[in-house]
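Asks: got a structure for you, letters missing:
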């Protein structure tokens with residue numbers, strides 16, 4: 001029998017995530033607890049759950065926190081665990097699971113097996129207007145897709161794709177002023193992404209050279225492009241070659257202030273934060289420890 005590397009595990013479970021297997025999750029956790037020999041507590045995500053979960057973690061004193069949900073649940077856990085030293089395990093349980101895929105975790109079972117055979121990776125976080133970003137944050141195109149997705153009663157990759165194509169043919173342009181590394185530049189764009197990671201849960205690669213632990217984040221600017229280039233750009237995204245496009249520019253930063261000419265929909269890790277005009281972003285090096293597959297090569 002394998003033994004768990006962690007004796008006390010606190011599970012944050014989002015019952016509203018997009019995975020249809022949620023009803024059996026508690027049974028799976030119980031089975032792994034019996035087999036691997038760890039104590040556990042489960043806290044379900046509710047409205048304004050952050051303080052309640054933070055207090056429950058403080059009372060339970062776990063060796064590890066596991067976030068069971070999509071990227072929004074992972075963001076909630078990362079915000080709570082920021083600079084605490086408590087490791088985070090991501091259990092993919094949502095619609096896209098972008099951060100789980102970033103670190104090569106592809107299923108609930110694979111994730112829970114990391115309790116006995118995983119290794120740890122210390123990563124950076126981005127603070128944007130005081131909010132934590134572990135994965136990707138967007139102003140413009142993708143943020144509007146996420147907003148449509150949130151309003152839809154259905155979940156899953158097909159629903160996301162429907163809203164993606166709905167927005168692709170209604171591209172809006174924005175004007176941004178970007179202050180970074182003692183420089184000030186102005187750009188027109190259809191999308192601007194603050195990237196700690198490299199790709200979305202859909203598999204589209206927005207930031208091919210991005211690393212989670214390099215002490216930097218990237219600002220990826222997608223400039224206005226002719227409609228005839230739409231499928232070419234989509235192909236480059238899914239083949240990891242977006243940065244070769246003449247319509248894409250990537251800035252590497254430790255901090256930046258970005259101002260838009262008008263308020264625009266903004267999302268952080270799959271959660272809409274509202275319409276915002278100014279964004280202040282700063283890297284927080286080594287703020288979070290993740291449990292990852294031993295041969296992930298991250």
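Replies: It's in. Given the structure is predicted, the values throughout are model-derived calculations rather than measurements.

Asks: contacts and neighbour counts: CA atoms only from here.
Replies: OK.

Asks: What segments of the protein are strands?
Replies: For the chain, the strands defined by DSSP state E cover 8-13, 39-44, 64-69, 88-92, 119-128, 131-133, 136-140, 174-180, 183-189, 191-195, 217-222, 248-253, 255-268, 271-292.

Asks: average pLDDT for the first one?
Replies: Translated: strand 8-13. Mean pLDDT, strand 8-13: 97.

Asks: Equivalent analysis for the second one, please.
Replies: Summarised as a single mean, pLDDT over strand 39-44 is 96.

Asks: what's the angle between it and strand 64-69?
Replies: 30 degrees (axes from the mean of the first three to the mean of the last three CA atoms, to 10 degrees).

Asks: ok, back up a step: I'd like the strands of the chain as JSON lines, with distance to residue 241 appended.
Replies: Output for these, formatted as JSON lines (distance: least, CA to CA, whole Å):
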{"stretch": "strand 8-13", "distance to residue 241": "35"}
{"stretch": "strand 39-44", "distance to residue 241": "39"}
{"stretch": "strand 64-69", "distance to residue 241": "29"}
{"stretch": "strand 88-92", "distance to residue 241": "26"}
{"stretch": "strand 119-128", "distance to residue 241": "24"}
{"stretch": "strand 131-133", "distance to residue 241": "24"}
{"stretch": "strand 136-140", "distance to residue 241": "18"}
{"stretch": "strand 174-180", "distance to residue 241": "24"}
{"stretch": "strand 183-189", "distance to residue 241": "19"}
{"stretch": "strand 191-195", "distance to residue 241": "16"}
{"stretch": "strand 217-222", "distance to residue 241": "13"}
{"stretch": "strand 248-253", "distance to residue 241": "10"}
{"stretch": "strand 255-268", "distance to residue 241": "23"}
{"stretch": "strand 271-292", "distance to residue 241": "25"}
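
Asks: Could you export these as a markdown table, including mean neighbour count?
Replies: Conversion of the strands of the chain to a markdown table gives the following (neighbours: other CA atoms under 10 Å):
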| stretch | mean neighbour count |
| --- | --- |
| strand 8-13 | 23 |
| strand 39-44 | 15 |
| strand 64-69 | 26 |
| strand 88-92 | 28 |
| strand 119-128 | 20 |
| strand 131-133 | 21 |
| strand 136-140 | 24 |
| strand 174-180 | 18 |
| strand 183-189 | 14 |
| strand 191-195 | 25 |
| strand 217-222 | 24 |
| strand 248-253 | 17 |
| strand 255-268 | 19 |
| strand 271-292 | 19 |
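
Asks: now for those strands, which one comes closest to residue 82?
Replies: strand 271-292 (5.5 Å; CA to CA).

Asks: returning to that earlier point: between the strands of the chain, which one is closest to residue 108.
Replies: strand 88-92 (5.5 Å).

Asks: in stretch 223-234, what's buried?
Replies: For stretch 223-234, a neighbour-count test (16 or more other CA atoms under 10 Å) marks 223-225, 233 as buried.
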